[in-house]
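Q: Dropping the sequence and predicted coords here.
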Amino acid sequence: MNAGSRKSRNARCSFPFEHMTRVILALLLVCSTVVAGEINWPAELAAMPLGTNVSVLNQTNCAESLLSRFQSNSAVKALIFMPGATDELYFFRRVQISLANTNPTMLDAVVALTNQSPLSITNRGGFLLIYSSEDVLDLDIKIQHENTAEKLRAGKRLPHLLFMDRDWTQFLAATQKQISTRLWPFPLTKESWHFYRHTFKSWNLTPWETLQAAAYSGKTKFTVVRGQVNFELDERVNQIPKLDRFPGR
């Protein structure tokens, strides 16, 4: 669900959640970035149980609950918490979600997030992005050496990746053996100090898709040069978050 503003999102979701499950599902089908022939991603999420012991989602369990239950499927390749979403969870702490269903699904969880928090959901080419108004959804990618980019697109898929609040060096440690192209900054170097920590789970991504997932979750952009991909901090911000009070007070 890709909402243009919090005001419009609240207008769509002004009815009690427990009475609107079917209507909300229909809205997801209409508002998501579905094209002709694309597999129904809300239906895939509806088939993934969240667990019987999950009734609240907040900064302590939201990312872990969703990522641990996200399963391999034919519609969504990766579930990604973007930097604005992790800010809302861990810094602003404005995510406090109640789940009405006794046996909630992943779909129940993402719908509740869009109803009860500043977070939104959109499907970008098989990446399900959880984001806030702070995030820029269009990646900044420059290709200066097409053969290197093509090698990454055609490379062997990475079967499964899970990053829960992991930094750039940890991302490199988990992927570099499977991605033959060099990635810069190198491990433990100061050039990555301002990258966001990665929070996402993926299935069967190509090396190219893996780099895209890293850029979405780490607030980075990258340039493809001969035999190497250079990552930098993406300094773009969509909207500055508005605060009613200073976080922690």
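A: Done, it's in. Given the structure is predicted, the values throughout are model-derived calculations rather than measurements.
Q: Setting aside sequence neighbours, what's the nearest residue to Asn147?
A: Arg226 (7.9 Å; C-beta to C-beta, 6 or more residues apart in numbering). All C-beta atoms are positioned from the backbone trio N, CA, C, and that covers glycine.
Q: Quick check: the one you found vs Ala149, distance?
A: Using C-beta to C-beta, to the nearest Å, one gets 11 Å for the distance from Arg226 to Ala149.
Q: These two: who's more crowded?
A: Set Arg226 next to Ala149 and count neighbours by other C-beta atoms under 10 Å: Ala149 wins out with 19 against 9.
Q: For the nearest residue to Arg93 once chain neighbours are set aside, report the pLDDT, please.
A: Distances taken as C-beta to C-beta, 6+ apart put Gln59 closest to Arg93, at 5.3 Å, once the chain neighbours are dropped. You'll see Gln59 listed with a pLDDT of 96.
Q: try Asn103
A: 92.
Q: State the helix or strand in which the closest residue to Thr220 other than its chain neighbours lies.
A: The shortest distance from Thr220 to any non-neighbouring residue, by C-beta to C-beta, 6+ apart, is to Phe231 (4.8 Å). Using DSSP states H and E, Phe231 sits within strand 228-233.
Q: Counting neighbours, what do you get for the residue nearest to Thr220?
A: Applying other C-beta under 10 Å, we find 21 residues neighbouring Phe231.
Q: same deal with Ala85?
A: When counting by other C-beta under 10 Å, one arrives at 27 neighbours for Ala85.
Q: Touching the helix or strand it falls within from outside, list them.
A: Using DSSP H and E, Ala85 maps to helix 83-86. Contacts with helix 83-86, where a contact means C-beta atoms under 8 Å, 6 or more residues apart in numbering, come from 63, 119, 130-135, 165, 196-197, 199, 217-219, 238, 241.
Q: can you give me how far that helix is from the chain middle?
A: 9 Å (C-alpha atoms, centre = their mean, to the nearest Å).
Q: Repeat that for stretch 84-99.
A: Centre to centre, stretch against its chain (C-alpha atoms, centre = their mean), the figure for stretch 84-99 is 14 Å.
Q: try stretch 107-122
A: On C-alpha atoms, centre = their mean, the centre of stretch 107-122 falls 12 Å from that of its chain.
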